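*Asks:* Sequence first, then the predicted structure:
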Amino acid sequence: MSLGSGGILGVWTKRPMANAGTLPPQAAFFFAILSHLSGRPDGDQRTAIHEAMPDLLKMTEAQRSERLANLPHLRYRHRSGWGLSILKAAGYVDSPVRGIWRITERGKELLAQHPRGP
């Protein structure tokens, strides 16, 4: 996948999400995930990645506690989970063992090309 209008960022930045709440856009989650993993060459646990998102994205207390309308899950954790799945499908992260995620060379290249994010 590319970064262009049809690539990984275009899919999430052009279409509004139903019931998106007040969270940052999905593209911001992509870059927060990649940034978090870039400092952890051996990868990190899914839970730790989720827990890092509010601080990396400078989320308010209201955003941190926002829940999905139909489930008891925190919205930002759901958004970061989707981010991991999408980044993996695009080749920017991998999961060498269950529950551990790490940035790939392709992900490092993306961060180097766009150090400030989308």
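*Replies:* Structure's in. What do you need? Because the structure is predicted, anything quoted here is derived from the model rather than measured. Numbers count the residues shown, from 1 in each chain.
*Asks:* okay, CA-based contacts and neighbour counts for the rest of this
*Replies:* Will do.
*Asks:* Which parts of the chain are strands?
*Replies:* Secondary structure of the chain (DSSP state E): strands at 44-45, 93-97, 100-103.
*Asks:* which helices and strands sit right next to the shortest one?
*Replies:* On a contact count with 3 or more CA pairs under 8 Å, 6 or more residues apart in numbering; DSSP states H and E, strand 44-45 meets strand 100-103.
*Asks:* any low-confidence regions in this structure?
*Replies:* Scanning the chain for pLDDT under 70 picks out 1-20.
*Asks:* Mind naming the longest helix for it?
*Replies:* Using DSSP state H, we find that the single longest helix of the chain is helix 75-89.
*Asks:* ok so, going back, could the strands of the chain go into TSV alongside mean neighbour count?
*Replies:* Shown next, in TSV, are the strands of the chain (neighbours: other CA atoms under 10 Å):
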stretch	mean neighbour count
strand 44-45	17
strand 93-97	16
strand 100-103	23
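*Asks:* Export these as CSV, with columns for distance to Ile86.
*Replies:* Converted to CSV, those look like this (distance: least, CA to CA, whole Å):
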stretch, distance to Ile86
strand 44-45, 17
strand 93-97, 9
strand 100-103, 13
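*Asks:* looking at those strands, which is closest to Ser35?
*Replies:* strand 100-103 (8.9 Å; CA to CA).
*Asks:* Now do that closest one: which elements does it pack against?
*Replies:* Secondary-structure packing of strand 100-103 (3+ CA pairs under 8 Å, 6+ apart): helix 26-38, strand 44-45, strand 93-97.
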